[in-house]
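# The amino acid sequence is not available; the structure is as follows:
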């Protein structure tokens, strides 16, 4: 039987053989060294007997956005932030709004494409600094799931901090505790998706773990500025009783009543392209439910 390794980044716990890539499409096992991404120094992974982030520095999206677009309503409002995205995600949401890149995997890139798409942490920080004159305050890791390449986030965040720039994470929060412990000290603000408050929805539809997400939110709320987003998908999480449960749980955290919640409208995308968009009245109704327990509730995509 060939040698295998257990990936410890998220609850999937992928058991990989040499050359295999995990369910996220962005981490793999390459015991001989550099493996798929020759730009990444894999010595840390080899030393720790862990998987390699094969999307390290592979850039699919780069844009200077208003901070409110992340969305962050109460963190440096009026500023801009350089948004960075790679590929891959450890959830499989059928309504994914960024599926063109989040659902890509290593096999979608040839060696020439990898070379052209690579941006080192040093290069990314240089771009961020050049954007300061346009109101940029740092880098937001977004578009795909950034925690599946937490090494790149940390390496960049260390450099950003030396220049007085901020690091923002837009994440599904489905990462194991030891990864959260490594990443959170370097993060200034997060927007975390709380997609449902039902474990069966996470397990069967999203292919994730609600308990893992809740644990990540609890840790993050003690570490830095946190805002949450719930995308309202009709029939999945649109029951007012569920929004009551979500908002009550958020309020139960330390300072939880002041954690902003973004209640966002779903538009048909990806495997749900034939569905109807969420009714605006329903979004407003659920936002009002959340306001019974939370001080800052915002509506999005309305």
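Right, received. Where do you want to start? Since the structure is predicted, the reported quantities are computational estimates derived from the model, not experimental observations.

# Looking at strand pairing, list the partners for the residue nearest the centre of the chain.
Note on the chain: the residue nearest the mean C-alpha position is residue 171, at 2.0 Å, using CA atoms, centre = their mean. Counting by DSSP bridges, residue 171 is bridged to residue 192.

# Just the buried positions in the helix or strand hosting residue 288, please.
According to DSSP states H and E, residue 288 maps onto helix 280-290. Of all the residues in helix 280-290, those buried under the rule 16 or more other CB atoms under 10 Å are 282, 283, 286, 287, 289, 290. Where C-beta positions appear, they are placed from N, C-alpha and C, glycine not excepted.

# For the next helix or strand after that helix, give the mean pLDDT please.
Next in sequence after helix 280-290, counting helices and strands by DSSP H and E, comes strand 297-300. Taken as a whole, strand 297-300 has an average pLDDT of 97.

# Need the residues that contact stretch 3-12.
For stretch 3-12, the external contacting residues (CB atoms under 8 Å, 6 or more residues apart in numbering) are 13-18, 22-24, 27, 29, 31, 49-51, 90, 147-148, 150, 174-176, 178-179, 207-209, 212.

# which of those count as buried?
Neighbour counting over the contacts of stretch 3-12 (16+ other CB under 10 Å) leaves 14, 16, 22-24, 27, 29, 50-51, 90, 147-148, 150, 174-176, 179, 207-209, 212 as the buried ones.

# longest strand in the protein, by residue count?
In terms of residue count, the longest strand belonging to the chain (DSSP state E) is strand 225-232.

# If I take that strand and helix 280-290, what angle do their directions form?
Put simply, strand 225-232 runs at 140 degrees to helix 280-290, going by axes from the mean of the first three to the mean of the last three CA atoms, to 10 degrees.

# Partner strands of strand 225-232 and their direction?
When DSSP bridges is applied, strand 225-232 pairs with strand 189-193 (parallel), strand 261-265 (parallel).

# related to what we said a few turns ago, could you name the helices and strands sitting against the helix holding residue 288?
Where contact means 3 or more CB pairs under 8 Å, 6 or more residues apart in numbering; DSSP states H and E, helix 280-290 is packed against strand 225-232, helix 240-252, strand 261-265, strand 297-300.

# From the chain's centroid, how far away is the second one?
Distance of helix 240-252 from the chain centroid (CA atoms, centre = their mean, to the nearest Å) equals 22 Å.

# Residues in contact with that helix: which ones?
Outside helix 240-252, the residues that touch it by CB under 8 Å, 6+ apart are 194, 196-198, 214, 228, 230, 237, 256-257, 259, 261, 263, 285-286, 289-294, 297.

# Now list the buried members of those residues.
Neighbour-count burial (16+ other CB under 10 Å) applied to the contacts of helix 240-252 gives 194, 196-198, 214, 228, 230, 237, 256, 259, 261, 263, 286, 289-290, 293-294, 297.

# wait, what's in contact with the closest residue to residue 201 other than its chain neighbours?
Spatial nearest neighbour of residue 201, chain neighbours left out: residue 236 (6.2 Å); criterion: CB to CB, 6 or more residues apart in numbering. Residues near residue 236 by CB under 8 Å, 6+ apart: 196, 201, 205.

# Number of residues surrounding the second one?
Same thing as residue 201. Residue 201 has 17 neighbours, counted by other CB atoms under 10 Å.

# Over to the one 10 residues further on?
With neighbours defined by other CB under 10 Å, the count for residue 211 comes to 11.
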